Every structure is written in structure tokens, then in C-alpha cells.
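*Asks:* Make a model of this:
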Amino acid sequence: MHRSKSAVALLAVIFLVKAGYVIHQRQTRPTTTTTSSTTTSTPPSSTSTSLFTTTTLLSGTMASAVVATPTHTGPLDGKTVVLDPGHNGANWSHPSIINQLVPDGRGQKACDTTGTATNDNYSEAIFSFTLAQRVREILLANGATVVLTRGNNASVGPCVNTRAEIGNSAHADVALSLHGDGGSSSGHGFAVLVPARSTTNGAVVATSLQFGQTLVNSFQSVMPVSSYLGVQGVQLRSDLAGLNLTRIPKVLIECGNMRNVGDAGLMMDGAWQNRAAQQIAQAITIFLTGG
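*Replies:* All right, here's what the predicted structure looks like:
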């Protein structure tokens, strides 16, 4: 019997319920926060189903992943996209959890890390989560089902191997990890990190590279390619669990260098985040539709 990708994603939720996880429905209202330097507007979301509810694991509060259903029909009808905002807001306060070793596809590494921040202490965790929400709303309006690997910025993780498994279990059409880099302050620009071949990801290395190149072409209209990472905006990586363990096309984008004053100024700006989200959604749409 044929099932759509959206149906498969929801079946993954049912599987996890049977495994002992609780799911819930919720509606989220838009919120706007204004500071002296930044206006950040969090867009409203469609009804979301929690894939992993916040629960106590490894003596701490682990993050929830959520599935959001489309708000409209469009070119992404029947497609499932995983957005993986890096790190989490409470990682710093739970070192015993994030430092636990987990499989990374070539060995082991820490469950997660705290991420970087700008000189104004705007964290990578909140940047990546805010950007993921903006991208999600565009994709939902174009017909996609969207899975966020974490549904808030106030918990821990999930671990890097779990982030990969969320996408694999949802049988998503594509996955994207969203990050900001913490390089030398003299470096600037974005880079897309693509998977080197591992024992798990071999079937999707070529399509991941194709998606990565599409993303570079789109994103460079809002940020120049990196002056210090990769070649022409693309870097092959074998040390990232999310890329090593993926069985679906997946890349990671370092949207800019948060330690560089120029990049940071853009990344903290709500209007720039909206433009960045549009370019990311455009790349995903081109990749999934061939348009």
C-alpha cells in the first residue's frame, strides 16, 4: 500500500508512542521581541505533534522533536523536511548529559555541545532555533510536513545521534542542520558542510552534495561564502554524527561566523533572518522539485 511521506512521518510518531513516548497537540501564537539592536519576530506555527516529548533522561530534561503539518497546499505537497537547529538553550547547565559519549558513525563523541555566541551574547542555540522556525513556516505554507528536532530552546539536546535518527525514522526527503560558526573573528561568511562516505550514509552522499550545492547557490545572496571554511562554500566532513549517521539527504549550514562583527550584526537582525529563511526554503524547494 502506498503511503505519502507525510503519512510515514506521522506513523513514526505512532511508533514512538508505542515505545513509551507521549505526544500532544499544541497551537503556538506569534511573539515579537524588540531590543535596542534587534527585532526578532517568531512566526506562528501550524498544529504540531511532539515526536519526543520533554522527558527526564540521563538525569536531565531532554528536548522534544515536533512534527508540523502543512498550512497550505503547494509545490512541496507530500514532502517531509527535517530542520535540525543546533545545540539547545539549556545545554550549558547540564554538562553531565551533553558530555556523555554517543555513537557518531565512526566511533563516539559527546552527546551535544553548547555552541558559540556573538560578542553581545546572542547564542548560536537561539539563532538556529529562531531561523528554523522561520524556515518552517515558509515550508508549511508550500505544502511540506516539517519535523523540528527540538521544539524549544529551553531544554537539552537532543544528542547528535538522535538528531540523525529523527530524520531517518521520519523517512524525510531531506534534512538540514542549522548552525552559526565560532571561528576566528577575522573570518567571515557561510559554509555548507556535506557528508563524507560512511558505513551508513553511502546511498545519500551524492544527493547530499547536490542539495549542498543548491543551498550554496541560494544562500550566497544573503551572506558571502566563507573566507576560511571549505572551497567555494562547501566543506566535506567526516567528523559529524548527524552526517555520518544519516540515511536521507542531509547537510549542515554554518550561516555565518558569530565571532565576526559583520556577520554577527546580520545574524542578530530579524529582517536578515527572514531573508535567510527565504533563501533556505528556496533551496529546499528547488532540490525537492527539480525546479
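
*Asks:* Which parts of this protein are helices?
*Replies:* 5-18, 95-98, 124-141, 160-169, 205-219, 241-244, 261-267, 270-289 (DSSP state H).

*Asks:* Just the buried residues of the longest one, please?
*Replies:* If I follow you right, that is helix 270-289. Buried residues in helix 270-289, counted by 16 or more other Cβ atoms under 10 Å: 270, 272-273, 275-288. Quick note: C-beta positions are derived from backbone N, CA and C, even for glycine.

*Asks:* do the fourth one as well
*Replies:* Buried residues in helix 160-169, defined by neighbour count with 16+ other Cβ under 10 Å: 160-169.

*Asks:* If you count contacts, what does it end up packed against?
*Replies:* helix 5-18, strand 80-85, strand 101-103, helix 241-244 (3 or more Cβ pairs under 8 Å, 6 or more residues apart in numbering; DSSP states H and E).

*Asks:* which residues are in contact with it?
*Replies:* 12, 15-16, 51-52, 65, 82, 84, 102-105, 109-112, 147, 149, 158, 175, 177, 240-248, 250 (Cβ atoms under 8 Å, 6 or more residues apart in numbering).

*Asks:* I'd like the distance between Gly242 and Gly270.
*Replies:* The gap separating Gly242 from Gly270 is 27 Å, by Cβ to Cβ, to the nearest Å.

*Asks:* Ignore what I typed, I meant Leu193.
*Replies:* Leu193 sits 26 Å away from Gly270, going by Cβ to Cβ.

*Asks:* Leu193 and Pro103, how far apart?
*Replies:* From Leu193 over to Pro103 (counting by Cβ to Cβ), the distance is 19 Å.

*Asks:* meant to ask about Gly290, not that
*Replies:* In terms of Cβ to Cβ, Gly290 sits 34 Å off from Pro103.

*Asks:* and if you look at Ala264?
*Replies:* 34 Å.

*Asks:* if I pick Thr111, what's in contact with it?
*Replies:* No Thr there; residue 111 is Cys. 58, 97-102, 157, 159-160.

*Asks:* Filter those down to the buried ones, PyMOL style.
*Replies:* One line in PyMOL is enough to select the buried members of these, burial here meaning 16+ other Cβ under 10 Å:
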select buried, resi 97+98+100+102+157+159+160
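
*Asks:* That concludes my questions; thank you for your assistance.
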